[in-house]
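1. I would like the atomic coordinates for the input below:
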Amino acid sequence: MAVQEKIERLKREKTAHSTEELDCLGWARYAQIRSELETRHHGDYVMIEVDSGDYFVGKTPQEALSQAQAAHPGRAFYLIRIGYKAAHKLKRT
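-> Down below sits the predicted model:
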């Protein structure tokens with residue numbers, strides 16, 4: 001099996017959604033829980049499992065991911081930094 005075929009197979013095992021679908025579903029779920037999260041967890045990270053709608057909050061992305069993987073092993077997740085438009089900011093030096 002070619003490398004690209006393996007990559008595509010692994011993607012399908014984690015989620016049936018395209019990257020664009022994950023983005024839309026993740027932000028749609030975040031919109032539902034935004035006010036609660038931004039009031040109590042501004043600046044923290046939320047990891048969303050888009051099929052179930054379950055979400056996991058952590059002080060770091062790794063903390064949120066660890067909780068998410070424990071509840072939904074082998075699934076793909078959507079990461080959002082609570083109260084921000086992006087999880088991370090890239091700067092040129």
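2. Can you give the contact residues for the helix ranked longest in the chain?
-> Of all the elements of type helix in the chain, the one with the most residues (DSSP state H) is helix 19-41. With contact meaning C-beta atoms under 8 Å, 6 or more residues apart in numbering, helix 19-41 is reached by 15, 17, 44, 46, 48, 50, 53, 55, 57, 76, 78, 80, 82-83. Every C-beta, even on glycine, is put in place using the N, C-alpha and C of the backbone.
3. and with 6 Å instead?
-> Applying C-beta atoms under 6 Å, 6 or more residues apart in numbering, the contact partners of helix 19-41 are Ile48, Val50, Gly53, Val57, Tyr78, Ile80, Ile82, Gly83.
4. List only buried entries from those.
-> Buried members of these, scored by 16 or more other C-beta atoms under 10 Å, are Ile48, Val50, Val57, Tyr78, Ile80, Ile82.
5. taking those one by one, which sit in strands?
-> Ile48, Val57, Tyr78, Ile80 (DSSP state E).
6. mind putting the residues you listed in a markdown table, pLDDT and distance to Arg34 included?
-> Listed next are those as a markdown table, based on pLDDT from 0 to 100; distance: C-beta to C-beta, whole Å:
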| residue | pLDDT | distance to Arg34 |
| --- | --- | --- |
| Ile48 | 95 | 12 |
| Val57 | 98 | 13 |
| Tyr78 | 91 | 14 |
| Ile80 | 94 | 9 |
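7. And the furthest pair within those?
-> Val57 and Tyr78 (13.4 Å; C-beta to C-beta).
8. List just the nearest of the buried ones among the contacts of helix 19-41 to Glu63.
-> Within those, the smallest distance to Glu63 is 8.4 Å, found for Val57 (C-beta to C-beta).
9. Give me the distance between that closest one and Thr19.
-> Val57 sits at a distance of 23 Å from Thr19 (criterion: C-beta to C-beta, to the nearest Å).
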